[in-house]
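Asker: Give me coordinates for this.
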Amino acid sequence: MNNQSATMNTKDNPLGYKKESTLLVGFAIPCIISMLVTALYNIVDQIFIGQGIGMLGNAATNIAFPLSTTCTAISLLLGIGSATNFSLYLGAGEKNESEKYASNGIVLMALFGIFLFLVTTIFLTPMLKFFGATKDVLPYAKAYTRITAFGFPFLIANTGMSKLILADGSPRYSMISMLAGAIVNTILDPLFIFVFNMGMTGAALATITGQIISFSISLRYMFHFKTIKLSRESFIVSAAHCKKIFILGASACFNQIAMTVVQIVMNNTLSHYGAQSIYGGDIPLACAGIITKVNMIFMSFVIGISQGTQPVIGFNYGAKKYARVRKTYLLSLGAASALSLIAFACFQIFPRQIISIFGNGSDLYFKFSERYFRIYMFLTIVNGIQPVTSSFFNSIGKSQLGVFMSLTRQIIFLLPLIIIFPIFMGIDGVMYAGPIADAAAAIVCGYFTIRELKELKKLEIDLTKC
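Answerer: Residues are numbered from 1 along each chain as shown. A predicted model of the protein is given here:
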């Protein structure tokens, strides 16, 4: 691809010339809504289950939550991986390669979704016990997960395809496909749980119905791309294309896998040390599950911003417009930091009010949840740095740094701390592990970001000399 045709392609595509702040708003808002919808599936279920079934129902959804994050991990591995390659090659003017990455990504989404459904169905009971289910919680978790597993292929494909739709320059369509399913889920949840008295089964049926509707809307777009046209030949799976999809999707995927691993370890830690405390094993499980999903609402904004920058940064980096790359990253970091400040204030001032939305409980239940909220989420104010930075490195093709950034908070810092601290501090150790991990991750990400921004500035100067 020569520089002249790449320049022509840049002039034709708004990603190469529109104001960075306008592009960020246009792409980030649909991404935020898309992420909020994913969180909303869990939040809505948690609210109606908490009101209709109670604490054991809330604990059950927490036990099943690692499977939701696994679905998200797979969909981001394939969706972000194929979309990033799509953007980079589109920015360089190589449409044929963009087509192959989109098609190969879609095939992989289908295969991985079916595989996860089969594994979950076959190993359901031992899997839920491994996730930390107590004897009282297990029946509720089985009833819920046995049905939601049917939705895994649709959830993975829809979330992954939404990233390709976004990269193709149709953020509104991506938003609509995700939003439609969430609305259906929200309507059906109270209907199935309260009117038809279907309990956990009703919540699960409402969830998979919404996921199937969203998938159908996204699938329609695959035949109507704006910048490319998928051919039958492009769906032939290539090892080389799959490898690059995995490489550039690894950062976003590992971030979710890290959340899954931490959630499993945390569930078991809370059950074990909770049983040795005045709270018992079930109260910490229920409270931690609620707080994790409330935090998903905040993180949906941050991750949505970081994903919204991907097409802009990827295209302009491919087109060698380094000043636009730097400005887009700094704008996204500023927006994420402002949202982090708002979330910090909410978590510190209104913990009891937030927990009350998810049903009633004993005084001990609320006492634990308030302490957990205020301590574990104390450094939410810096939590916008890591996701934005991880996505930034991934978008410019530096996947190894992107993966490293995605692992800093969850795996490198938080996981060892939630194992070590409770040995000396009991269940309080889990709470204090959170802010320490947040601070350490922010420092590491800040160092690598400053170094990369200097490198981009140097590339920009060198380019003007040519």
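Asker: alpha carbons only for contacts and neighbour counts from here, please
Answerer: Will do.
Asker: so where do the helices sit in the stretch 251-400 of the chain?
Answerer: 282-318, 322-349, 351-356, 363-376, 385-395, 399-407 (DSSP state H, counting those that start in this stretch).
Asker: Counting by contacts, list what the second one packs against.
Answerer: Here helix 322-349 touches helix 20-52, helix 282-318, helix 363-376, helix 385-395, helix 428-465, going by 3 or more C-alpha pairs under 8 Å, 6 or more residues apart in numbering; DSSP states H and E.
Asker: in this structure, what secondary structure element scores lowest on mean pLDDT?
Answerer: Ranking every helix and strand in the chain by mean pLDDT, DSSP states H and E puts helix 3-12 at the bottom, with a mean of 50.
Asker: Let's have the helices and strands packed on helix 322-349 in JSON lines, adding distance to Met175, mean pLDDT and mean neighbour count.
Answerer: Below are the helices and strands packed on helix 322-349 laid out as JSON lines (distance: least, C-alpha to C-alpha, whole Å; pLDDT from 0 to 100; neighbours: other C-alpha atoms under 10 Å):
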{"stretch": "helix 20-52", "distance to Met175": "5", "mean pLDDT": "76", "mean neighbour count": "22"}
{"stretch": "helix 282-318", "distance to Met175": "11", "mean pLDDT": "82", "mean neighbour count": "25"}
{"stretch": "helix 363-376", "distance to Met175": "30", "mean pLDDT": "87", "mean neighbour count": "18"}
{"stretch": "helix 385-395", "distance to Met175": "20", "mean pLDDT": "85", "mean neighbour count": "28"}
{"stretch": "helix 428-465", "distance to Met175": "29", "mean pLDDT": "87", "mean neighbour count": "16"}
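Asker: Of all the ones you listed, which one is nearest Cys71?
Answerer: The closest of these to Cys71 is helix 20-52. By C-alpha to C-alpha, the value is 10.6 Å.
Asker: Measure how that closest one sits relative to helix 282-318, angle-wise.
Answerer: 160 degrees (axes from the mean of the first three to the mean of the last three C-alpha atoms, to 10 degrees).
Asker: now helix 20-52 against helix 322-349, angle please.
Answerer: Using the same axes, to 10 degrees, helix 20-52 lies at 30 degrees relative to helix 322-349.
Asker: From the chain's centroid, how far away is helix 20-52?
Answerer: 10 Å (C-alpha atoms, centre = their mean, to the nearest Å).
Asker: and that helix, what other elements does it pack with?
Answerer: By 3+ C-alpha pairs under 8 Å, 6+ apart, helix 20-52 packs against helix 55-91, helix 171-190, helix 199-221, helix 282-318, helix 322-349.
Asker: Reformat the helices and strands packed on helix 322-349 as a markdown table; add distance to Leu67.
Answerer: Formatted as a markdown table, these follow (distance: least, C-alpha to C-alpha, whole Å):
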| stretch | distance to Leu67 |
| --- | --- |
| helix 20-52 | 12 |
| helix 282-318 | 13 |
| helix 363-376 | 23 |
| helix 385-395 | 21 |
| helix 428-465 | 22 |
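Asker: thinking His145 is in contact with Ala204, fair?
Answerer: Residue 145: Thr, not His. Yes. At 7.4 Å, Thr145 counts as touching Ala204 under the criterion of C-alpha atoms under 8 Å.
Asker: quick one: contacts for the residue nearest to Ser306 when sequence neighbours are not counted?
Answerer: Excluding the flanking residues, the one nearest Ser306 by C-alpha to C-alpha, 6 or more residues apart in numbering is Val388, at 4.6 Å. Residues near Val388 by C-alpha atoms under 8 Å, 6 or more residues apart in numbering: 302-303, 305-306, 329, 332-333, 336.
Asker: from what I can see Val312 touches Leu23, true?
Answerer: Yes. Because the distance of 7.3 Å satisfies C-alpha under 8 Å, Val312 is recorded as touching Leu23.
Asker: so what's in contact with those two at the same time?
Answerer: Leu15.
Asker: if we can go back for a sec, now do the residue nearest to Ser306 against Ser406, distance only.
Answerer: 10 Å (C-alpha to C-alpha, to the nearest Å).
Asker: Could you do Ile436 as well?
Answerer: 16 Å.
Asker: Also Lys226?
Answerer: Taken as C-alpha to C-alpha, the span from Lys226 to Ser406 is 31 Å.
Asker: which of the two has more neighbours?
Answerer: Ser406 (30 against 12; other C-alpha atoms under 10 Å).
Asker: list the contacts for the more buried one?
Answerer: Per C-alpha under 8 Å, 6+ apart, neighbours of Ser406: 251-252, 254-255, 386-387, 390.
Asker: Now it: closest residue in space that isn't a chain neighbour?
Answerer: Asn255 (4.8 Å).
Asker: Check that neighbour and give its pLDDT.
Answerer: pLDDT recorded at Asn255 is 70.
Asker: Just give me the neighbour total for it.
Answerer: 28.
Asker: do the same with Pro14
Answerer: When neighbours are counted by other C-alpha under 10 Å, Pro14 comes out with 13.
Asker: any idea how far stretch 399-411 is from the chain center?
Answerer: On C-alpha atoms, centre = their mean, the centre of stretch 399-411 falls 14 Å from the chain's centre.
Asker: Quick one: mean pLDDT for that stretch?
Answerer: Here the average pLDDT along stretch 399-411 is 80.
Asker: likewise stretch 219-237?
Answerer: 87.
Asker: Which positions in that stretch come out as buried?
Answerer: 219, 221-222, 225, 228, 230, 234-235, 237 (16 or more other C-alpha atoms under 10 Å).
Asker: Greatest separation within these: which pair is it?
Answerer: Tyr221 and Val237, at 20.4 Å, using C-alpha to C-alpha across those.
Asker: Where does Lys243 fall, secondary structure wise?
Answerer: Lys243 is part of helix 239-275 when elements are defined by DSSP states H and E.
Asker: quick check: angle from that helix to helix 428-465?
Answerer: Using the same axes, to 10 degrees: helix 239-275 against helix 428-465 is 150 degrees.
Asker: Between helix 385-395 and helix 239-275, find me the angle.
Answerer: 170 degrees.
Asker: what about Thr209, how many neighbours?
Answerer: By other C-alpha under 10 Å, the burial measure for Thr209, its neighbour count, is 18.
Asker: just checking, it touches Asn185?
Answerer: Yes. Taking contacts as C-alpha under 8 Å, Thr209 lies within contact range of Asn185: 7.0 Å.
Asker: check contacts around the closest residue to Ser391 other than its chain neighbours.
Answerer: If the residues on either side of it in the chain are set aside, Ser391 comes closest to Ser306, at 5.8 Å by C-alpha to C-alpha, 6+ apart. Counting by C-alpha under 8 Å, 6+ apart, Ser306 makes contact with 28, 332, 387-389, 391-392.
Asker: what's the most distant pair in those residues?
Answerer: Ala28 and Thr389 (15.1 Å).
Asker: Mind giving me the packing neighbours of the helix holding Lys243?
Answerer: helix 55-91, helix 95-122, helix 282-318, helix 385-395, helix 399-407, helix 415-425.
Asker: Can you tell me which of those is nearest to Lys367?
Answerer: That would be helix 282-318 among the helices and strands packed on helix 239-275, by C-alpha to C-alpha, at 10.1 Å.
Asker: what angle sits between the closest one and helix 171-190?
Answerer: 170 degrees.
Asker: what angle sits between helix 282-318 and helix 55-91?
Answerer: 10 degrees.
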